[in-house]
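Chemist: Prediction below, plus the sequence it came from.
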Amino acid sequence: MQKTSKALLGLATALVTSSALPNLAKADELTLCWAAWDPANALVELSKDFTAKTGTQMKFEFVPWTSYADRFLNELNSHGKLCDLIIGDSQWIGGSAENGHYVKLNDFFDKEGIKMDDFVPATVVGYSEWPKNTPNYWALPAMGDVVGWTYRKDWFEKPELQKEFKAKYGHDLAAPKTYDELKHIAEFFQKRQIDGKTVYGASIYTERGSEGITMGVTNVLYDWGFQYDNPKKPYDMEGFVNSADAVKGLEFYKSLYDCCTPPGSSNVYMVESADAFKSGQVAMQMNFAFTWPGLYKDEKVGGDRIGFFPNPAEKAHFAQLGGQGISVVSYSEKRDAALQYIKWFAQPDVQAKWWELGGFSCLNSVVNAPDFAKSQPYAQAFLDSMAIVKDFWAEPSYASLLQAMQKRVHNYVVAGNGTAKEALDGLVKDWSDVFKDDGKI
């Protein structure tokens with residue numbers, strides 16, 4: 001991310017002035033809460049510039065992804081004052097807005113000249129808006145993320161494998177464009193000997209405890225035609241969640257799990273999928289884009305050995321949105337100073353440096369810069385992926401909705417209980433019960 005910093009800085013359009021911030025509300029210290037992962041480390045480094053300009057020290061409360069939601073949703077629900085700023089998951093926005101956890105930012109954005117039109121539209125909808133598709137903003141897009149894929153480019157380029165694959169499947173051994181092609185590749189590499197080692201086709205998300213299998217299976221479901229509800233009648237899910245096409249998509253995901261994953265793949269999420277790739281077990285792995293910089297730098301599988309591609313297409317073409325927005329916690333006693341951090345973070349030069357350090361900026365002037373796609377080997381795959389994003393429910397009751405999907409899908413895909421149709425029929429019932437309790441149906 002070092003190569004294009006100067007170019008990005010020169011091309012960035014001004015959201016707010018990038019000179020010293022005038023009339024700052026003072027605070028000795030602000031606490032920012034987020035997950036413990038590589039982008040958080042990049043934010044610590046980036047935030048040193050904020051401290052240098054304002055004198056406000058930044059304290060960080062980072063927790064592992066496995067406890068991230070429980071830890072911080074409990075903090076918000078108890079009206080705790082630990083977090084002045086929080087980078088909350090995209091699905092939290094509805095509940096946090098309706099329950100008064102986040103400060104509404106419209107007036108602040110208007111005052112400071114921060115325009116949501118300056119950010120990638122999908123990230124504004126996904127990370128900032130509630131209700132969706134209305135100009136009501138509760139966060140600034142902070143960390144763009146999306147599910148995509150990495151593959152062993154060095155294996156794909158072996159002439160003898162290319163020849164064998166083409167003879168068997170009739171198309172080139174290359175980054176797949178469709179899920180049928182992806183499955184061909186996964187089958188081809190499953191239990192193959194590469195450099196004297198048994199390897200496997202693909203690592204996909206299967207984790208049951210938090211959100212893993214949902215964040216994986218939705219990529220396939222979306223592409224087969226699954227919809228959360230009737231576009232003409234909100235919360236009318238019968239025939240959309242459990243449509244014939246959605247059933248076929250869920251069956252495909254199970255078939256991929258059954259045929260082509262490594263042994264012991266029943267509880268895989270971000271860390272486990274990246275580890276499977278780094279250890280040389282798999283030809284391909286599904287994972288969020290935030291993992292790509294670290295994988296590219298890996299001495300064993302990175303550099304020329306790794307390639308990147310967006311989620312394949314089938315009947316439709318989508319990818320599961322990840323990422324988060326940054327919000328001011330309404331219970332903070334340092335709200336004014338926290339707002340100044342958001343003002344600082346929104347600046348084009350800060351956003352350019354954010355990308356340089358390992359964060360994924362959502363600012364148009366950064367991602368649309370002429371040299372952005374060539375700034376890193378994964379930059380084009382990130383752009384292509386962010387252009388096709390779709391998100392899970394962001395309803396205030398999203399946790400109940402998520403738990404239901406985790407259970408139904410894991411029981412079918414991993415445990416092998418029942419049929420795909422029964423799993424999705426059960427999900428319609430579960431979700432209908434949640435929305436009935438909410439008074440929405």
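Modeler: Everything's here; your move. Worth saying up front: this structure is predicted, and the values here are computed from it rather than measured.
Chemist: The helix or strand that contains N287 packs against which elements?
Modeler: If you go by DSSP states H and E, N287 is part of strand 282-288. With contacts taken as 3 or more C-beta pairs under 8 Å, 6 or more residues apart in numbering; DSSP states H and E, strand 282-288 sits against strand 147-152, helix 179-189, strand 197-203, helix 212-224, helix 270-278. From N, CA and C alone the C-beta is placed, and that goes for glycine too.
Chemist: Dump these to JSON lines, plus distance to S400.
Modeler: Shown next, in JSON lines, are those (distance: least, C-beta to C-beta, whole Å):
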{"stretch": "strand 147-152", "distance to S400": "23"}
{"stretch": "helix 179-189", "distance to S400": "30"}
{"stretch": "strand 197-203", "distance to S400": "29"}
{"stretch": "helix 212-224", "distance to S400": "13"}
{"stretch": "helix 270-278", "distance to S400": "23"}
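Chemist: JSON lines for the ones you listed, including mean neighbour count?
Modeler: Shown next, in JSON lines, are the helices and strands packed on strand 282-288 (neighbours: other C-beta atoms under 10 Å):
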{"stretch": "strand 147-152", "mean neighbour count": "25"}
{"stretch": "helix 179-189", "mean neighbour count": "20"}
{"stretch": "strand 197-203", "mean neighbour count": "20"}
{"stretch": "helix 212-224", "mean neighbour count": "25"}
{"stretch": "helix 270-278", "mean neighbour count": "21"}
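Chemist: Next, format these as TSV and append distance to N99 and mean pLDDT.
Modeler: Output for the helices and strands packed on strand 282-288, formatted as TSV (distance: least, C-beta to C-beta, whole Å; pLDDT from 0 to 100):
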stretch	distance to N99	mean pLDDT
strand 147-152	28	98
helix 179-189	38	98
strand 197-203	36	98
helix 212-224	23	98
helix 270-278	28	97
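Chemist: and F62, which of the ones you listed is closest to it?
Modeler: helix 270-278 (14.9 Å; C-beta to C-beta).
Chemist: Which pLDDT value goes with the residue sitting furthest away from the middle of the chain?
Modeler: Here the centre of the chain is the reference, and by C-alpha atoms, centre = their mean the most remote residue is A167, at 36.5 Å. You'll see A167 listed with a pLDDT of 98.
Chemist: Show me which residues of the strand or helix carrying G95 are buried.
Modeler: G95 is part of helix 93-98 when elements are defined by DSSP H and E. Buried residues in helix 93-98, counted by 16 or more other C-beta atoms under 10 Å: 93-97.
Chemist: From the chain's centroid, how far away is it?
Modeler: 19 Å (C-alpha atoms, centre = their mean, to the nearest Å).
Chemist: Just the buried residues of the helix or strand that that helix is followed by, please?
Modeler: Sequence order places helix 106-112 as the next helix or strand after helix 93-98, per DSSP H and E. By neighbour count on 16+ other C-beta under 10 Å, the buried set for helix 106-112 is 108-109, 112.
Chemist: Looking at these, which one is closest to S279?
Modeler: F109 (45.2 Å).
Chemist: The closest one contacts D117, doesn't it?
Modeler: No: in this structure F109 lies outside contact range of D117 using C-beta atoms under 8 Å: 10.9 Å.
Chemist: okay, now the domains of the chain?
Modeler: Segmentation of the chain into domains, based on the TED database, reads 29-145+322-386, 147-320+394-438.
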